[in-house]
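sequence unavailable; structure follows:
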């Protein structure tokens with residue numbers, strides 16, 4: 001078996017997308033299956049990036065939290081201005 005160089009993309013193949021109501025569904029073949037039951041999905045240009053979220057990770061915990069609706073207090077009130085820094 002030929003090894004994959006670190007700068008080469010792993011082998012890929014076409015996969016069909018199916019419609020389920022308003023959503024597109026992608027079936028991941030067993031040999032490409034992820035070890036996680038939850039993933040992070042993001043779009044970069046025309047690419048969809050699917051990354052597993054490790055159970056017990058900080059990201060997994062943060063994704064379970066509700067958004068904070070209240071405004072944060074002004075913690076800078078009464079502090080002196082920051083001096084200009086010359087590098």
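Yes, it's here. What you see is a predicted model, and the numbers here were worked out from it, not measured in a lab. Numbering: from 1, shown residues only.

mind showing which ranges of this protein have poor pLDDT?
Residues of the chain meeting the criterion pLDDT under 70: 1-10.

and the helices in it, which stretches?
For the chain, the helices defined by DSSP state H cover 58-64.

the strands in it, which residues?
For the chain, strands defined by DSSP state E occupy the ranges 17-20, 23-26, 39-44, 47-52.

need the ones you listed in JSON lines (columns: distance to residue 62).
Where C-beta positions appear, they are placed from N, C-alpha and C, glycine not excepted. Formatted as JSON lines, those follow (distance: least, CB to CB, whole Å):
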{"stretch": "strand 17-20", "distance to residue 62": "28"}
{"stretch": "strand 23-26", "distance to residue 62": "24"}
{"stretch": "strand 39-44", "distance to residue 62": "11"}
{"stretch": "strand 47-52", "distance to residue 62": "15"}
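
closest to residue 59 out of these?
strand 39-44 (7.1 Å; CB to CB).

measure stretch 31-44 end to end?
Using CA to CA, to the nearest Å, the end-to-end distance of stretch 31-44 comes out at 24 Å.

indicate which one of the strands of the chain is closest to residue 11.
Of those, nearest to residue 11 by CB to CB is strand 47-52, at 16.4 Å.

helices or strands up against that closest one?
Packing partners of strand 47-52 (3 or more CB pairs under 8 Å, 6 or more residues apart in numbering; DSSP states H and E): strand 39-44.

what residues are up against residue 19?
Residues counted as contacts of residue 19 (CB atoms under 8 Å, 6 or more residues apart in numbering) are residue 25.

now the most centrally placed residue in the chain, nearest residue through space, not along the chain?
With distances taken as CA atoms, centre = their mean, residue 40 lies nearest the centre of the chain, 3.8 Å away. Leaving out its chain neighbours, the residue that sits closest to residue 40 by CB to CB, 6 or more residues apart in numbering is residue 51, at 4.7 Å.

ok, back up a step: nearest to residue 80, out of the strands of the chain?
It's strand 39-44; of the strands of the chain, that one is closest to residue 80 (CB to CB) at 40.8 Å.
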